[in-house]
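*Asks:* here are the coordinates; sequence isn't available:
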């Protein structure tokens, strides 16, 4: 339900059946802006709210990440061919990519796509592999799908191609484009996105020295990745702390 609809009907946003999902997704936009993992009014986050993943929330066209509110998020249906003909249509590249991914990868409930500085830089290398050189880079060992078929902005067949490429991976390194992070919950996806950008920063910085990298063995990298996955309360604690900051400093994200 949009802000205009809420005002017209007198309905409180807190009564929306997806209110908590809206709050979490709005929080992700605000924190992405704070961490400079945004691109003005471009880039898009979405969250599936139906069991099959086809119905999802996503940011409205032209809204800056730092201003997004829970009530402004669009509720879309990936199987609705009239979506782009409606007055509150989403950004066309967002619709193309996210609707396809939600149709083809229902297990990827939350999708966070950014052109964040270091992830984008790594994606532009001839070999964009995330080498395991510390515990953050090792976190993504064996968890990344690599796309090397960039064919312009995400329009036309680009979305369907990306939608079938992800498979069972949690991360997609989009060649010459950025990163797509997926998870079952918004807080989990944001935690992964935060550490992925940190990992990319470490790797790009290490490359910039021109010195030979000390790359971990596959055995140690996999051991470290599994330790990340089983670490108790990791993403939950991070996410709760971030929302606590927003509740104190930008509580309007909930409205």
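*Replies:* Happy to help now that I have it. Keep in mind it's a predicted model, so treat the numbers as computed, not measured.

*Asks:* ok, and the helix or strand in the chain with the lowest average confidence?
*Replies:* helix 3-9 (a mean of 49; mean pLDDT, DSSP states H and E).

*Asks:* Show the subsequent helix or strand relative to it.
*Replies:* Counting by DSSP states H and E, the next helix or strand C-terminal to helix 3-9 is helix 19-34.

*Asks:* Would you mind getting the angle between the next helix or strand after that following helix and helix 19-34?
*Replies:* Following helix 19-34 in sequence order, the next helix or strand is strand 44-48 (DSSP H and E). Here the directions of strand 44-48 and helix 19-34 differ by 160 degrees (axes from the mean of the first three to the mean of the last three Cα atoms, to 10 degrees).

*Asks:* list the helices and strands strand 44-48 packs on?
*Replies:* helix 19-34, strand 55-58, helix 92-104, strand 110-114 (3 or more Cβ pairs under 8 Å, 6 or more residues apart in numbering; DSSP states H and E). For glycine as for every other residue, the C-beta is placed from the backbone atoms N, C-alpha and C.

*Asks:* so that strand versus helix 92-104, what angle?
*Replies:* Using the same axes, to 10 degrees: strand 44-48 against helix 92-104 is 30 degrees.

*Asks:* so which strand or helix has residue 179?
*Replies:* strand 178-183.

*Asks:* who touches the nearest residue in space to residue 29 that is not next to it in sequence in this structure?
*Replies:* Nearest residue to residue 29, sequence neighbours excluded (Cβ to Cβ, 6 or more residues apart in numbering): residue 68, at 4.0 Å. Residues counted as contacts of residue 68 (Cβ atoms under 8 Å, 6 or more residues apart in numbering) are 26, 29-30, 59, 253.

*Asks:* again, only using 6 Å
*Replies:* Residue 68 makes contact with 26, 29, 59, according to Cβ atoms under 6 Å, 6 or more residues apart in numbering.

*Asks:* Likewise for residue 112?
*Replies:* Counting by Cβ under 6 Å, 6+ apart, residue 112 has contacts 45, 181, 189, 193.

*Asks:* swap in residue 221?
*Replies:* Residue 221 neighbours (Cβ under 6 Å, 6+ apart): 132, 138, 141.

*Asks:* Same check on residue 178?
*Replies:* 114-115, 119-120, 123.

*Asks:* And for the closest residue to it other than its chain neighbours, the neighbour number?
*Replies:* Among residues not flanking residue 178 along the chain, residue 115 sits closest, at 4.1 Å (Cβ to Cβ, 6+ apart). The number of residues packed near residue 115 is 16, by other Cβ atoms under 10 Å.

*Asks:* Since that was my last question, I'll sign off now.
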